[in-house]
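> Sequence below, structure please.
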Amino acid sequence: MISVAAELAGMHPQTLRIYEQKGLITPARTPRNTRLYSEEDIERLKKIQEFTTRLGMNLAGVEKVLELECRINDLEGSIAALRAEVAEAAGRLQREVEAVHRSYRRELVPVSRGEIILRRRRR
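Numbers count the residues shown, from 1 in each chain. Take a look at the predicted model:
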């Protein structure tokens, strides 16, 4: 509830309402429209509080920073997925290279020094 969330975040309930109006926080709602704040919401409120009080940011700046943090998290997820894809492709490539190496090693025939053997490949 808003009063509990305000207490946990160290701010006034009206401040939470303002943050909600500005779109900085979006709490879940009950069927009777009561706000329900998750632990993530409380952490986000604390972060907003730090940005505004300690760093002196305005709400527009806070909104931009939070948006950029979200974008960074999305990009880090994409990078992790791409790294996994590259590792998988590298593994496939390595297996293909090894298969090629195994295939041409069967065609090599040891010969004595100075002896030349030309062998036609059958098609």
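
> Can you check the distance spanned by stretch 47-60, start to finish?
This stretch, stretch 47-60, spans 14 Å end to end (C-alpha to C-alpha, to the nearest Å).

> Give me the three-state assignment for the residue most central in space within the chain.
Closest to where the C-alpha atoms of the chain average out (C-alpha atoms, centre = their mean) is residue 77, at 1.8 Å. Look at residue 77: counting by DSSP: H, G, I helix; E, B strand; the rest coil, its state is helix.

> Ok, residue 33 next?
Recorded secondary structure, residue 33: coil (three-state DSSP).

> So what does it look like in phi/psi?
For residue 33, the backbone dihedrals are phi 70, psi 20 (criterion: degrees, to the nearest 10).

> ok, it to residue 89 distance?
Distance of residue 33 to residue 89, computed by C-beta to C-beta, to the nearest Å: 50 Å. The way it works is simple: take the backbone N, C-alpha and C, and place the C-beta from them, glycine included.

> Tell me which of these two has more neighbours.
Neighbours around residue 33 and residue 89, counted as other C-beta atoms under 10 Å, are more numerous at residue 89. The numbers are 10 against 6.

> residue contacts, the more buried one?
Contact analysis of residue 89 by C-beta atoms under 8 Å, 6 or more residues apart in numbering lists nothing.

> Secondary structure element for it, which one?
helix 59-105 (DSSP states H and E).

> quick check, distance from that helix to the centre of its chain.
Helix 59-105 has its C-alpha centroid displaced from the chain centroid by 10 Å (C-alpha atoms, centre = their mean, to the nearest Å).

> what stretches of this protein score poorly on pLDDT?
Scanning the chain with the threshold set as pLDDT under 70 gives 105-111, 114-123.

> Next up, phi/psi of residue 30, please.
Here is the backbone geometry of residue 30 (degrees, to the nearest 10): phi -80, psi 170.

> in the sheet, who's paired with the nearest residue to it once chain neighbours are set aside?
Nearest non-adjacent residue to residue 30, counting by C-beta to C-beta, 6 or more residues apart in numbering: residue 36, 6.2 Å away. Assessed by DSSP bridges, residue 36 has beta-bridge partners residue 28.

> check contacts around residue 36.
1, 27-30.
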